[in-house]
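[1] Predicted model, plus sequence, below.
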Amino acid sequence: MRTPPKVELRAVHHRFLRPDGSVFTALDGVDLAVAPGTFVSLIGPSGCGKSTIFNAVAGLLTPSDGVVVIDGQDATGTIGRVGYMLQKDLLLPWRTVLDNIILGLEIRGASVSEARAYALPYLHRYGLGGFENAYPASLSGGMRQRAALLRTLLFDSEIVLLDEPFGALDAQTRGRMQEWLLQIWQDFRKTVIFVTHDVEEAVYLSDVIHVMAARPGRVVATLEVPLRRPRPRSLALTSEFSAIRERCLDLLGHGASAHAEEEA
Amino acid sequence: MSEVASGRAGAAPGGALSSVGAPPRPKLSPFRVRRLPRERIWPAWLIVLFQVGLLVALVGGWEYAAATGALDAFFWSRPSAVAETMVVFFRDGDALTDAWYTARATLLGFILGTALGTAWGLSFWWSRNYAAIVQPYIICFESIPKLALAPLVILVFGIGLASKVALGMALTVIVSALTTYSGVKAVDADHERLMYSLGASRWQVFSKLVVPACLPWGISVLRVNIGLALTGAVVGEFISSQHGLGRAILYAGQTYEIALVWCAVTVLSAMSVVMYLAVSWLERLLLKHVRH
């Protein structure tokens, strides 16, 4: 008997009118199941509806058709069940790092001093020690994303959605952040849905990858990533890793021949 | 492509582009090498010296012109007479009472107008429909020359302090409301969504996001508002009042005591400068706490 999925999308369609009056199909019948505690990535070209799925699961958008099921309950269009994080860190510039991180706790009624005391050890543990009283403006991009992710995790939801969280970072910082994210994910044991267009990133991080295609947005394939954990960086050099990566690239139409066309 | 982009003269004739009929290169004047224009900055003492010198020259020139008759001292008065009157104004006259009266009206108008205006601007966050309904009225109210309403305000609020405060408020409330409303419109929708996704109520989003995000906007108009509140108070006193520097100026003008006009104007200016500096300081202090 398989464990019931933590998050499930059932026949989710989303259409909207473009300004010229034509109908745009952002999602065309997406079925998706995410097992509890797994790390799942959505990859695909721009316009394939990754972010639409993200917004539907977060409850920020009600799809035209279909349901989002969380923990067996219909969660379509309801917010507050999942923590999410975007490429924009969305830290409040007038709050210190510590006070930004406790925002979720504060909203849920914790007193500021209690919340601070609770969050401080996490801050130290996850590479933000000494920055608790700094303001976001004085932090590097990587540090800001760490703070944003900690805010999302301390919000205490069991599901975390990450929409290209490292998209704006340079390659080196990005690599470090991926390792850091894996460490944090193993500690917190949350269900993670990760949106990216970076195949390598998806393979390195995920248990399962859903490959999407655009016009209309749909899931074209679901790949298991059977690589053992913890995953060292050098894993990217193994043949297993590159086999999965090649498969993803093929599915995305990024094979050697299709590549030039896609870029144009 | 790169040799064309670099624009070297040798590349154009017979180059790749000329075969496809590239337009001729426009004639350019020869490039001249220049120094970056830069003014040498004088030491601070020299600047101050010039500033003081200018003041002395103006006051001295005025006194001289009045003494030789080039300037009619009856209409223009003269600095020595102003200085004598100033002593009398402070010693025997109402200088302090008047200054305090005007200052009180200004500060009250400033505080009430700014606070109400800021609250009003923030209130637009709560409903876009409400904001859309009220918008044309605000724009109308903004474009009315509020001082033209002064006689009406005096009729309604009387010749006491209230009418001066009301005029100061009328001038400041709109500035604060419109600026804070701009702040409300500039609140990042993603921030709002994030707050809601963390389970925030509307009140929590308002108090934890909208208010702090709009404070710098509200604070940025404090300096403008203190000047407007002073204008309102003085104009109110011009129309009808028993005290105040505005009334002193009007009264002195009507009785041809030109020296007294200058005295009251000087005191008024000094007060205005002090209030402006105080508000600038307050603004810096507040911004340091809300913006990092």
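    Structure received.
[2] Please count neighbours and contacts with C-alpha atoms only from this point.
    OK.
[3] in which helix or strand would I find the residue most central in space within chain B?
    Residue closest to the mean C-alpha point of chain B, counted by Cα atoms, centre = their mean, is residue B:224 at 3.1 Å. Using DSSP states H and E, residue B:224 sits within helix B:222-239.
[4] pLDDT at the residue nearest to the centre of chain B, what is it?
    Among the per-residue scores, residue B:224 shows a pLDDT of 93.
[5] Repeat that for the one 3 residues further on.
    Turning to residue B:227, the model gives it a pLDDT of 93.
[6] and what of residue B:289?
    Predicted confidence (pLDDT) for residue B:289: 74.
[7] Quick check: chain neighbours aside, which residue is closest to residue 161?
    Unless you meant another one, I'm taking chain A. Sequence neighbours aside, residue A:84 is the residue nearest to residue A:161 in space, at 4.4 Å (criterion: Cα to Cα, 6 or more residues apart in numbering or on different chains).
[8] looking at chain B here, not the other one
    Residue nearest to residue B:161 in three dimensions, not counting chain neighbours: residue B:105, with 6.2 Å by Cα to Cα, 6+ apart.
[9] how about the strands in the stretch 51-200 of chain A?
    Using DSSP state E, counting those that start in this stretch, the strands of the stretch 51-200 of chain A run over A:65-70, A:73-74, A:83-85, A:159-163, A:191-196.
[10] nearest to residue B:42, of those strands?
    Checking these against residue B:42 by Cα to Cα gives strand A:83-85 as the closest, at 53.4 Å.
[11] packing partners for the closest one?
    Helices and strands touching strand A:83-85, by 3 or more Cα pairs under 8 Å, 6 or more residues apart in numbering or on different chains; DSSP states H and E, are helix A:141-154, strand A:159-163, helix B:189-197.
[12] hmm, 7 Å instead?
    With contacts taken as 3 or more Cα pairs under 7 Å, 6 or more residues apart in numbering or on different chains; DSSP states H and E, strand A:83-85 sits against helix A:141-154, strand A:159-163.
[13] What helix or strand is the residue nearest to residue B:161 located in?
    Assigning secondary structure by DSSP H and E places residue B:105 in helix B:95-123.
[14] orientation of whichever helix or strand comes after that helix relative to helix B:95-123 in degrees?
    Next along the chain after helix B:95-123, taking DSSP H and E as the criterion, comes helix B:128-143. Angle of helix B:128-143 versus helix B:95-123, following axes from the mean of the first three to the mean of the last three Cα atoms, to 10 degrees, is 150 degrees.
[15] Using PDB, write out the CA atom coordinates for the following helix or strand past helix B:128-143.
    Scanning forward in sequence from helix B:128-143 by DSSP H and E, the next helix or strand is helix B:150-157. The C-alpha coordinates for helix B:150-157 follow below in PDB (Å, rounded to 0.1, in the frame of the first residue of the first chain):
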ATOM      1  CA  ALA B 150      -9.900  81.700   3.800                       C
ATOM      2  CA  PRO B 151     -12.800  84.300   4.300                       C
ATOM      3  CA  LEU B 152     -15.300  81.400   4.500                       C
ATOM      4  CA  VAL B 153     -13.100  79.500   6.900                       C
ATOM      5  CA  ILE B 154     -12.900  82.600   9.200                       C
ATOM      6  CA  LEU B 155     -16.700  82.900   9.000                       C
ATOM      7  CA  VAL B 156     -17.200  79.300  10.000                       C
ATOM      8  CA  PHE B 157     -14.400  78.900  12.600                       C
END
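[16] ok so, going back, which residues touch the residue nearest to the centre of chain B?
    By Cα atoms under 7 Å, 6 or more residues apart in numbering or on different chains, the contact list for residue B:224 is empty.
[17] any idea how far residue B:168 is from it?
    Distance of residue B:224 to residue B:168, computed by Cα to Cα, to the nearest Å: 12 Å.
[18] And for residue B:66?
    For residue B:66, the distance to residue B:168 equals 37 Å [Cα to Cα].
[19] can you tell me which residues contact the closest residue to chain B within the stretch 1-150 of chain A?
    The nearest approach of the stretch 1-150 of chain A to chain B comes at residue A:80, 4.7 Å away (Cα to the nearest Cα). Applying Cα under 7 Å, 6+ apart, we find residue A:80 in contact with B:197-199.
[20] go on, residue B:244?
    B:98-99, B:101-102, B:237.
[21] what do you get for residue B:154?
    Residue B:154 makes contacts with residue B:163, as judged by Cα under 7 Å, 6+ apart.
[22] Next: the one 3 residues further on.
    Counting by Cα under 7 Å, 6+ apart, residue B:157 touches residue B:163.
[23] how does it look with 8 Å?
    Listed by Cα atoms under 8 Å, 6 or more residues apart in numbering or on different chains, the contact set of residue B:157 reads B:163, B:166.
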